[in-house]
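Novice: Provided below are the primary sequence and the corresponding predicted coordinates.
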Amino acid sequence: MAEDGTSRMVAPLPAPVLVNSELAAHADLEWQVDVHWQPNHAVRRRGLDSRELFAEQLPFMPTWARSSRHGATYGSRRYDFVLAGTRSENTLARVALRHLSLAAWVRAKAAEHDLSALPSDAGRRTSLLAGMLGGRRRYVDLFGGPLLPALRAMLATSAKSNVAYPDGEGVSLSSTEGVLTFAGICARTADLALADVREYADAALRAGVLRRGMVLRCTTCEQKQFQTVDKLGQRWRCARCDALNDLDRHAWKLPADEPTWFYDLHPVGRHVLSEHGEVSALLSAYLRKQRKEQRGAFIDLEEIVFLQGNRPQVEVDLVVYTDDVLTVAECKTPGELTGKERKREILKKCRAAAWLRADRLLFATTAEDWTQATRILVENAVASFSEWGPLGSPQVEFVAGLGRMDAEV
């Protein structure tokens with residue numbers, strides 16, 4: 001299996017010999033062979049280039065293949081060079097196929113339009129965090145789940161701790177960075193029991209996305225800093241001036257008896273939150289919750305950019321495939337699309353949806369609702385877009401209130 005989740009057959013399938021003797025007697029008979037993958041997460045149908053389904057890119061394809069309703073289908077006969085007099089069994093195609101992940105499928109569809117599809121800068125950051133946490137699902141559970149308000153609180157709003165954290169359960173390291181106590185995390189996840197908060201936090205600590213440590217002050221340069229538990233000792237070294245310090249009351253000041261443990265967010269996680277990258281995770285969590293009673297795989301891909309050569313064409317916040325419905329989504333924090341180029345940006349999303357033959361074009365926001373002007377603008381742009389395929393435009397939907405329990409379409 002490839003890093004992106006694509007599976008590949010290590011050897012060709014057996015020749016698809018007919019077992020019915022009456023049918024096998026007809027030398028000119030051809031048939032279709034269906035291949036089902038277990039578990040099946042590949043995007044079905046949608047006219048994928050036949051070459052993309054083969055495990056190896058051969059100079060001459062032995063037969064034709066296509067994405068079918070339940071997997072892949074290929075022709076029984078070989079269409080490459082076959083010598084006259086070859087045994088009938090050897091005129092049958094023996095193919096090795098691959099089971100495309102969503103990322104590989106998107107790249108393949110982009111290639112049909114002479115484009116490449118790669119993770120954007122934001123996509124690389126979310127992929128890194130997902131790899132640290134052990135998978136995309138765990139990333140969404142953390143950055144789109146109940147611990148998110150606590151993670152957001154680590155983006156301090158003031159360099160003064162008593163302003164950023166008036167409850168006394170956090171410390172500002174700068175005007176934009178802060179750390180929380182465990183009590184501070186619990187206070188910001190009121191819907192979770194303490195044991196559940198502990199479970200979320202411990203999983204993030206094991207992954208390195210959260211870090212436990214102390215807030216200390218250097219006696220030499222007076223720099224206030226967060227020191228992880230791995231770097232602590234009775235003698236600790238300042239991160240700024242490299243001076244050695246004693247781990248005593250002068251370093252932590254308050255409380256007088258023992259220092260307090262604090263929790264810090266990995267810098268990549270801070271970057272994701274500062275760029276509002278968690279909105280895509282919130283939408284992924286919302287869509288997964290909406291279909292929890294249905295069968296079939298739920299797969300998604302976050303922050304993809306389509307390029308022509310080295311020139312970016314369109315950036316897509318989220319692509320979701322579930323129950324044979326392909327969704328292209330745009331995620332925003334305000335409830336409106338702003339700026340002079342907003343119609344142009346909508347048309348770009350339409351173009352990406354047309355390239356991928358999407359069934360749904362979704363606009364999601366954490367705001368209370370989308371403005372009526374934005375809804376009309378989107379609907380008019382989709383209706384006037386001239387590059388939709390024979391089936392017409394995808395369904396347009398709006399989601400508001402992401403992050404609330406009562407988020408609505």
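Specialist: Happy to help now that I have it.

Novice: got the contact list for the residue most central in space within the chain?
Specialist: What sits nearest the mean C-alpha location of the chain, by Cα atoms, centre = their mean, is residue 302, with 3.4 Å. The contact partners of residue 302, taken as Cβ atoms under 8 Å, 6 or more residues apart in numbering, are 122, 123, 126, 136, 280, 281, 284, 317, 318. (C-beta placed from N, C-alpha, C; glycine too.)

Novice: distance of residue 70 from residue 9?
Specialist: Remark: distance between residue 70 and residue 9 (Cβ to Cβ, to the nearest Å) = 17 Å.

Novice: quick one: secondary structure of residue 364?
Specialist: strand (DSSP: H, G, I helix; E, B strand; the rest coil).

Novice: what residues are bridge-paired with it?
Specialist: residue 331, residue 399 (DSSP bridges).

Novice: let's see which of the contacts of residue 302 end up in strands.
Specialist: 317, 318 (DSSP state E).

Novice: any chance of the contacts of residue 302 in a markdown table, with pLDDT too?
Specialist: As requested, the contacts of residue 302 are exported to a markdown table (pLDDT from 0 to 100):
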| residue | pLDDT |
| --- | --- |
| 122 | 94 |
| 123 | 94 |
| 126 | 96 |
| 136 | 93 |
| 280 | 96 |
| 281 | 96 |
| 284 | 95 |
| 317 | 96 |
| 318 | 97 |
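
Novice: list the neighbouring strands of whichever strand or helix holds the residue nearest to the centre of the chain plus their orientation.
Specialist: Following DSSP states H and E, one finds residue 302 within strand 298-308. Sheet pairing of strand 298-308 (DSSP bridges) gives strand 116-119 (antiparallel), strand 311-322 (antiparallel).

Novice: check which residues of it are buried.
Specialist: Neighbour counts over strand 298-308 (16 or more other Cβ atoms under 10 Å) mark 298, 299, 300, 301, 302, 303, 304, 305, 306 as buried.

Novice: ok so, going back, quick check, pLDDT for the residue nearest to the centre of the chain.
Specialist: Here the pLDDT value assigned to residue 302 is 95.

Novice: check the gap between it and residue 212 for me.
Specialist: 28 Å.

Novice: and residue 219, by the same measure?
Specialist: Noted for residue 219: a distance of 23 Å to residue 212, by Cβ to Cβ.

Novice: looking at the two, which one has more neighbours?
Specialist: residue 212 (18 against 14; other Cβ atoms under 10 Å).

Novice: hang on, the more buried one in a strand?
Specialist: Yes - looking at residue 212 with three-state DSSP, it is inside a strand.

Novice: any idea what sits nearest it, other than its immediate chain neighbours?
Specialist: Among residues not flanking residue 212 along the chain, residue 229 sits closest, at 5.1 Å (Cβ to Cβ, 6 or more residues apart in numbering).

Novice: for the one you found, grab phi and psi.
Specialist: In terms of degrees, to the nearest 10, the main-chain angles of residue 229 are phi -60, psi -30.

Novice: what stretches of the protein score poorly on pLDDT?
Specialist: For the chain, the stretches flagged by pLDDT under 70 are 292-296, 338-340, 405-409.

Novice: what residues go with each domain of it?
Specialist: Using automatic domain parsing, the domains assigned to the chain come out as 7-100, 118-122+275-399, 135-271.

Novice: those domains: which one's closest to residue 109?
Specialist: domain 118-122+275-399 (5.4 Å; Cβ to Cβ).

Novice: for residue 185, see how far away residue 205 is.
Specialist: 11 Å.

Novice: again, but for residue 15
Specialist: 60 Å.

Novice: what kind of secondary structure is residue 70 in?
Specialist: coil.

Novice: burial of the closest residue to it other than its chain neighbours, as a residue count?
Specialist: Spatial nearest neighbour of residue 70, excluding adjacent residues (Cβ to Cβ, 6+ apart): residue 36 at 5.6 Å. If you count neighbours by other Cβ under 10 Å, residue 36 ends up with 9.

Novice: can you pull out the strands in the stretch 151-300 of the chain?
Specialist: 170-172, 178-180, 210-217, 224-228, 235-237, 244-246, 262-265, 298-308 (DSSP state E, counting those that start in this stretch).

Novice: closest one to residue 24 among those?
Specialist: When the strands of the stretch 151-300 of the chain are compared (using Cβ to Cβ), the closest one is strand 298-308, at 39.7 Å.

Novice: gap between the closest one and the chain center?
Specialist: 8 Å (Cα atoms, centre = their mean, to the nearest Å).

Novice: got it, and stretch 275-285?
Specialist: 9 Å.

Novice: and what of stretch 172-183?
Specialist: That offset, for stretch 172-183, works out to 27 Å (Cα atoms, centre = their mean).
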